[in-house]
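**Q** Could you look at this predicted model? Sequence included:
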Amino acid sequence: MSDTTAAGSSGPEIISPELISLDTDLGSTKEDVIRSLAARLTAAGRASDAAGLVDAALAREAQSATGLPGGIAIPHCRAEAVSSASLGFARLDPKVDFGAPDGPADLVFLIAAPEGAGAEHMKLLSSLARALVRPAFVTSLREASTPDEIVRLVDEVLSPAPKDPTPKDSAPKTAAVTPPAPVSTGKHATDETPAPAPAERHIVAVTACPTGIAHTYMAADSLVAAGERAGVKVHVETQGSSGSTPLDPSVIAGAAAVIFATDVGVKGRERFAGKPVVASGVKRAINEPDKMLAEALRASENPAAATVDGTAAAAADSDAGSVGFGTHLRQVLLTGVSYMIPFVAAGGLLIALGFLLGGYEISGPAKDIVLNNSITNLPDGGLATYLGAVLFQIGSLAFSFLVPALAGYIAFAIADRPGIAPGFTAGAVAVFVGAGFIGGLVGGLIAGVVALYIGRIAVPQWLRGLMPVVIIPLFATLVVGGLMFIVLGRPLAAITSGLTDWLNGLSGSSAIFLGIILGLMMCFDLGGPVNKAAYAFAVAGLNVNDPATLRIMAAVMAAGMVPPLAMALASTVLRPKLFSEAERENGKAAWLLGSAFISEGAIPFAAADPLRVIPSMMAGGAVTGALIMAFDVTLSAPHGGIFVFFAVGGIGWFLVSLAAGTVVAALAVVGAKEFFRKGPSDAELDPEIVPAAA
């Protein structure tokens, strides 16, 4: 058997008989199967912590299912707990559902790579993923009678026998190991890939998944195989963990259409500008490669088909197999919020520091103090007042970009760079007319759509160079600015004003109900779209002269601190034995993350056990939000946690509310794990407790 370790590596072979389980019952769920395979890898010395490996694999499962058509599943991850790249294999009886569209899987590979795995290890793991799209290899796995035979089969695809050199191959192409190159009709393309003949019809594609270990390469080979069946060459650029060799520009230039099968952003999208495009998640290219290829071929013959914009923004077109409208809209809005948050954090914290030094009354005279005084000409109140005014003014200026940045980057997410100028302008107009956060959302969407469709207008070749830098920004800004001023500005301002008046009028049970809703939203997806929506609502309306907005900000921040603090309390103090060793370590870090208002500190717990963790966190967040509103606690800083306690009005009640919600959430999750177990306790995954799987 040939060596399957990476070149230059002194580690063990990637797969060995003790990592293989044939025709065994490893449980009824994919979590059970992953735990059993992780235990095998740990017992064999491939991982230092089975629980850490399981957590990483389940976190990857939470992103998208790893089940594939044909009864195959490839759970995979990169984790610090993994000491050497390894494959665990199980042939299951009975089969277990891994989320494949055609039913449960009987062949399962757990692909485990170290966090810092080099390109050679990634190449080996991607070679296995590619082999799984070959029916002959899959059939051989089902017919193998011993673990040694499985090892031999896997070894043959990881380390194929070298071919006899021919005189034409006497000159080496490269002097060193390079990452996998783009796929072209079943073979890796290199930088020397010749441009296809002018009459040769071909398609180009990009595949990429979040982990970049398996789906990226399986999708590539599936598309290539579909091309062979259809008699069309498909050149694929795999943007995976083992590196990427960009497609030759001449290959792209001659392509009839492009396929984007990605779950993450495409690197260098602008290279495909003007090409008819079919876009989807990476798994669709594995499950439906022939259909995607057919759609790309139809798009290449349809003058009205969606194309990659001249500045790289791929148009959304459901007929072309792109993501759904709802998903795309959510991605667009989250892009705007994500780019807005740095302005919020920087500006809000500087404003809070200004209050700390100059007092809350500094908001009035700050501008005059900054313009008329200096470090050598201090105002009344001395250095603290002057510095407080400077910090407040810097923060206010940064904060003033909140709505324009939101609108600008919503437009950017739709139309790429040509959308930025009209988007920022729409946000500025929204602020000018008093439409605020709602106006920014609407204006950004309009700006992006207008810029996108102007970019699709057919123009002479000599004018295309001016489109992204002059024509699109000019006319899109004119259209969206005119709409905002003439048609939409006043109605949106009226809605914003009415919402503000309603918030100011909330008291008693109404305010408490709003606190409950905000608390539930902050704890629902821990930094996801719902959490971001609640946070954006709070910071966009934040006004130091409006107590209602300050109460909302306090409720949002306090509720957002609950999940990591509750999981830290549960996993390190109340019932550590209910949690794996990795979770207990995460719990120690969650104390600081929660204290700093970083809700994402609870994500490792929620990813591993969402049905018990998320409802528990929502219960605690609802309690905290309700109490904050009931006690009229206020907060004038949009971020910072314990580091901005000086900006809290009613700090005692803030701490009481936060503590109450944290305790409720911690007790709820402990109770859920104690009384609603679906299998062995996670603590049983500790290396000292778990024996090797039978």
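**A** Cool, got the structure.

**Q** tell me the contacts of Tyr360?
**A** 544, 636 (C-beta atoms under 8 Å, 6 or more residues apart in numbering). Heads up, the C-betas are built off the backbone N, CA and C, glycines and all.

**Q** Hmm, I typed the wrong one, I wanted Leu387.
**A** Leu387 touches 357-358, counting by C-beta under 8 Å, 6+ apart.

**Q** mind checking how far it is from Ser374?
**A** For Leu387, the distance to Ser374 equals 12 Å [C-beta to C-beta, to the nearest Å].

**Q** Identify the contacts common to those two.
**A** When contacts are counted by C-beta under 8 Å, 6+ apart, the set common to Leu387 and Ser374 is empty.

**Q** show me the residues around Pro147 that make contact.
**A** 17-18, 20, 22.

**Q** now do 7 Å
**A** 17, 20, 22 (C-beta atoms under 7 Å, 6 or more residues apart in numbering).

**Q** tell me which of the residues you listed is nearest to Ile259?
**A** Distance ranking of the contacts of Pro147 against Ile259, using C-beta to C-beta, places Ile20 first at 35.6 Å.

**Q** thought Ala398 was touching Leu349?
**A** No - using C-beta atoms under 7 Å, Ala398 is not in contact with Leu349, being 9.5 Å away.

**Q** Mind checking which of the contacts of Pro147 are buried?
**A** 20, 22 (16 or more other C-beta atoms under 10 Å).

**Q** From the contacts of Pro147, pick the one nearest Trp502.
**A** Ile20 (63.5 Å).

**Q** what residue ranges in the stretch 351-500 of the chain are flagged as low confidence?
**A** Along the stretch 351-500 of the chain, segments meeting pLDDT under 70 span 499-500.

**Q** and stretch 584-598, average pLDDT?
**A** Mean pLDDT, computed over stretch 584-598, is 83.

**Q** Sorry, slip of the keys, the one I care about is stretch 215-229.
**A** Mean predicted confidence for stretch 215-229 is 84.

**Q** How about residues contacting it?
**A** 126, 129-130, 132-133, 183, 185-186, 203, 205, 207-209, 233-234, 236, 238-240, 259, 261, 282-283, 285-286, 289-290, 293.

**Q** What ranges does the stretch 501-650 of the chain have for its strands?
**A** 634-635, 648-649 (DSSP state E, counting those that start in this stretch).

**Q** Pull the residues that contact the first one.
**A** Just to be clear, that refers to strand 634-635. 547, 550-551, 553-554, 557, 647-650.

**Q** do the same with the last one
**A** By C-beta under 7 Å, 6+ apart, the residues outside strand 648-649 that reach it are 550, 554, 633-635, 654.

**Q** mind running it again at 10 Å?
**A** With contacts defined as C-beta atoms under 10 Å, 6 or more residues apart in numbering, strand 648-649 is touched by 352, 360, 547, 550-551, 553-554, 557-558, 632-637, 642, 654-655.

**Q** Quick one: distance of the top helix by length along the chain to the chain centre.
**A** The single longest helix within the chain, with elements called by DSSP state H, is helix 325-358. Distance of helix 325-358 from the chain centroid (C-alpha atoms, centre = their mean, to the nearest Å) equals 17 Å.

**Q** next SSE after the helix or strand bottoming out on mean pLDDT in the chain?
**A** Sorted by mean pLDDT, DSSP states H and E, the helices and strands of the chain end with strand 187-188, the least confident at a mean of 39. Under the assignment DSSP states H and E, the closest C-terminal helix or strand after strand 187-188 is strand 202-208.
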